[in-house]
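Participant: Just a sequence and a predicted model for now, questions to come.
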Amino acid sequence: MTAEQGLALGIIALMMAAFVWDRFRYDLVAVGALLAALAVGIVPFRTAFSGFSDDIVIIVGSALLVSAGIARSGIMEWSIRRWAPNVSSIRAQLALLVIVVTVLSAFVKNIGALAIMMPIAFQFARRSKVSPSVFLMPMAFGSLMGGLMTQIGTSPNVVVSRMREEITGAAFTMFDFTPIGASLATAGAVFLISFYWLLPERTHGGMSMHEALDIQDYVTEAKVDKGSIVLGKTVGELLRLSDQDAVVTSIMRSDGLRVTPFPDAVLKEGDILLIEGDHESLDRLVAQAKLSVTGDRDPAFFEGRGLEAEAIEAVVGENSSLVGWSAQRLALYDRFNVNLLAISRKGERLQERLGTLSLRPGDVIMLQGNRQALPRILRELGCLPLAERPIHLGSGRQGIIPVVILIAAMAATAASLVPVPVAFFAAAAMMVFLKVIPIREVYTAVDGPILVMLAALIPVSDSLRSTGATDVIAGWLTGVGTALPPYGALALIVVSAMAVTPFLNNAATVLVMAPIAVAFAQGLEYRPEAFLMAVAIGAGCDFLTPIGHQCNTLVLGPGGYRFSDYPRLGLPLSALIVLISVPMLLLVWPI
């Protein structure tokens, strides 16, 4: 082993130790590893930042944005209400998520299947009052196993199929992978559903300033219009849309009659509802029921003038010009072009319509207006803004549009019209162009630390190949494998591919390991098919780190996981994969 090869392995080992130690954030560890590799010369200066243009960075960033767009559209809440209204236990929710994402991944890109299902996982987590981390990593692992079932399910399968054609003249067909892949996916899904508790519950990073706000008693005023889906239904049916997290405190008929909001009270067109809850519950209820919280004062007023509508929370100050006045008497909309969306008053349940309620010092109000003008308006009104956080109440929803965008992107990749990075980048761009996601939320959705980590790690990982360290490892494997029986040799190939794939992407792992496996099989006078399949399985099953496959990386930030969390669930799953795959390989592809 040369000095450069030793340095490459040493830096990788130290980096992995730092990840497991978890003393520093993962992007800082990756940047430190890149700087160390540059300092010792194993990564040339000219390729130091090549990772920032790598396809994986584009895919992960775009998939995060697309997933956020789907989540914001409200289509996932509708899906849960339509197809899984009674799935309440955590295990049943996890089973549904893992099975669906596993099956989808057999026929579409696994990262696309995961992006579709992540918003549903967040909805289930909110419904069950648990952390999304309970669902996200098992889903990511399920998407990897689902990709094993067909030729198009994952890149390693495509590559080994091509390599078999070069060696034997016949490529693997679409469903040659299914007997073994389906067995592994079934056993893996059962394991994930049964042993998800091995994962600790995590939250998304540290608590930010806006998460410290805990205003549970906002009251908003919503109108039942002709297009509302709760027209003619009861209050109880309306509240089920928010998972009982909001309360209707009063109903006012169009004729001025006030109705007590009993659960069996039937809602009529023109009814004005006073609804109490936190801002997320109110938004979810209003969006799902298709109620109007702005009346005729549509936020499209701002968009029509090329302006951006935004909602902001503020406290009415002691000397505010709002004190003692109602929004109606002050002509708040006509004078300042802002909508009063909600009010919170400590220690009191509000029963009056928002427009007629006289404001007091200390009231927390939610105003919607032009983003650029709101700071000036708050100063004029004498209100103190709270820590900024995303408020969606009163904003529009694009419904089915983001799902159509994602399906179009996946169809384009399945038909080989465009590469995966281009398809997902175009889908992310369309989410912004069609205003599915406001521009101000774009860079929050893409999760910068994740992308920096990936970009920094790519040249560091590639140093294993460029210094020849992978060839040294291959020589060690060949030396060990010649002394093993057939099942031992297959297990060695699977385990080796699993160990290599965190540092090379899975397609590169196949390119490195497949020739070794074929030469190994030929040297022992075995048929190569089982060994090529072993490489594909090992390369497609990275359950030990968040950096080997983009699906694992995709859930790292949203799940709030630590590097050490992956082997907690992934190590026993990897052992299960090895135990099942070796006898299945010998059965389906005799050597």
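Facilitator: Arrived safely.
Participant: quick one: contacts for residue 459?
Facilitator: By C-beta atoms under 8 Å, 6 or more residues apart in numbering, residue 459 lies in contact with 34, 37, 43, 47, 48, 49, 50, 51. Any C-beta I mention is one placed from the backbone N, CA and C, and that applies to glycine too.
Participant: List only those of those flagged as buried.
Facilitator: Buried members of the contacts of residue 459, counted by 16 or more other C-beta atoms under 10 Å: 34, 37, 43, 48, 51.
Participant: hang on, the earlier thing: so which of the contacts of residue 459 belong to helices?
Facilitator: If you go by DSSP state H, those have 34, 37 in helices.
Participant: So residue 219 lies in a strand, does it not?
Facilitator: Yes - counting by DSSP: H, G, I helix; E, B strand; the rest coil, residue 219 is located in a strand.
Participant: Pick the one among the buried ones among the contacts of residue 459 closest to residue 564.
Facilitator: Distance to residue 564 across those (C-beta to C-beta) is lowest for residue 34, with 21.5 Å.
Participant: which pair in the buried ones among the contacts of residue 459 spans the largest distance?
Facilitator: Longest span within the buried ones among the contacts of residue 459, C-beta to C-beta: 37 and 51, 11.5 Å.
Participant: any idea how far residue 25 is from the residue in the chain sticking out farthest from the centre?
Facilitator: Most distant from the centre of the chain: residue 255, at 46.5 Å, with distances by C-alpha atoms, centre = their mean. For residue 255, the distance to residue 25 (C-beta to C-beta, to the nearest Å) stands at 60 Å.
Participant: go on, residue 220?
Facilitator: For residue 220, the distance to residue 25 - C-beta to C-beta - is 38 Å.
Participant: And these two? Which one has more around it.
Facilitator: The neighbour comparison of residue 220 against residue 25 (other C-beta atoms under 10 Å) goes to residue 220, with 25 against 13.
Participant: which residues touch that one?
Facilitator: 274, 275, 282, 286, 293, 341, 342, 354, 366, 393.
Participant: in the stretch 301-450 of the chain, which spans are helices?
Facilitator: 327-330, 332-336, 374-381, 401-414, 420-433, 442-445, 448-466 (DSSP state H, counting those that start in this stretch).
Participant: Go through those and name the closest to residue 359.
Facilitator: Comparing the helices of the stretch 301-450 of the chain under C-beta to C-beta, the one sitting nearest is helix 327-330, at 7.9 Å.
Participant: residues touching the closest residue in space to residue 49 that isn't next to it in sequence, list them.
Facilitator: Among residues not flanking residue 49 along the chain, residue 455 sits closest, at 7.3 Å (C-beta to C-beta, 6 or more residues apart in numbering). By C-beta under 8 Å, 6+ apart, the residues touching residue 455 are 49, 51, 52, 54, 57.
Participant: try 6 Å
Facilitator: Applying C-beta atoms under 6 Å, 6 or more residues apart in numbering to residue 455 gives the contacts 51, 52, 57.
Participant: Take the residues you listed and keep only those in strands.
Facilitator: Of the contacts of residue 455, none are assigned to strands by DSSP state E.
Participant: Have a look at this protein and report its longest helix.
Facilitator: Longest helix in the chain, counting by DSSP H: helix 565-588.
Participant: Mind pulling the model confidence for residue 309?
Facilitator: What the model reports as pLDDT for residue 309 is 73.
Participant: roughly how far apart are it and residue 137?
Facilitator: 37 Å.
Participant: ditto for residue 240
Facilitator: 30 Å.
Participant: With neighbour numbers in mind, choose between those two.
Facilitator: Each of residue 240 and residue 137 has its neighbours counted (other C-beta under 10 Å); residue 137 has more, 28 against 17.
Participant: element containing the more buried one, please.
Facilitator: Element membership for residue 137 (DSSP states H and E) is helix 133-146.
Participant: which other residues reach that helix?
Facilitator: 94, 97-98, 101-102, 105-106, 110, 113-114, 121, 184-185, 188, 192, 196, 201-202, 540, 543, 551-552, 555, 559-560.
Participant: same thing with stretch 5-16?
Facilitator: 33, 36, 37, 40, 42, 463, 464, 467, 468, 469, 472.
Participant: rerun that using 7 Å as the cut-off
Facilitator: With C-beta atoms under 7 Å, 6 or more residues apart in numbering as the test, stretch 5-16 has contacts from 29, 33, 36-37, 40, 42, 460, 463-464, 467-469, 472, 503.
Participant: So which bits of that stretch are buried?
Facilitator: Counting neighbours by 16+ other C-beta under 10 Å, the buried set in stretch 5-16 is 5, 7, 8, 9, 11, 12, 15, 16.
Participant: export that stretch as PDB, just CAs?
Facilitator: Backbone C-alpha positions of stretch 5-16 (Å, rounded to 0.1, in the frame of the first residue of the first chain) are rendered in PDB as follows:
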ATOM      1  CA  GLN A   5      -3.600   5.000  -0.400                       C
ATOM      2  CA  GLY A   6      -3.000   4.900   3.400                       C
ATOM      3  CA  LEU A   7      -3.800   8.600   3.700                       C
ATOM      4  CA  ALA A   8      -7.100   8.100   1.800                       C
ATOM      5  CA  LEU A   9      -8.100   5.300   4.000                       C
ATOM      6  CA  GLY A  10      -7.000   7.100   7.100                       C
ATOM      7  CA  ILE A  11      -9.000  10.300   6.300                       C
ATOM      8  CA  ILE A  12     -12.100   8.200   5.500                       C
ATOM      9  CA  ALA A  13     -11.700   6.300   8.800                       C
ATOM     10  CA  LEU A  14     -11.300   9.500  10.900                       C
ATOM     11  CA  MET A  15     -14.300  11.100   9.100                       C
ATOM     12  CA  MET A  16     -16.500   8.100   9.900                       C
END
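Participant: Centre of the chain to that stretch, how far?
Facilitator: With C-alpha atoms, centre = their mean, to the nearest Å as the basis, stretch 5-16 stands 31 Å off its chain's centre.
Participant: cool, and stretch 113-129?
Facilitator: Remark: stretch 113-129 is offset 9 Å from the chain centroid, using C-alpha atoms, centre = their mean.
Participant: Now residue 248: closest residue in space that isn't a chain neighbour?
Facilitator: residue 261 (4.1 Å).
Participant: Likewise for residue 532?
Facilitator: residue 160 (4.5 Å).
Participant: now the strands for this protein?
Facilitator: Under DSSP E, the chain gives strands at 218-223, 247-252, 258-259, 272-277, 309-316, 339-344, 364-370, 383-385.
Participant: Work out the gap between the shortest one and the centre of the chain.
Facilitator: Offset of strand 258-259 from its chain centre (C-alpha atoms, centre = their mean): 43 Å.
Participant: Partner strands of it, with direction?
Facilitator: strand 247-252 (antiparallel) (DSSP bridges).
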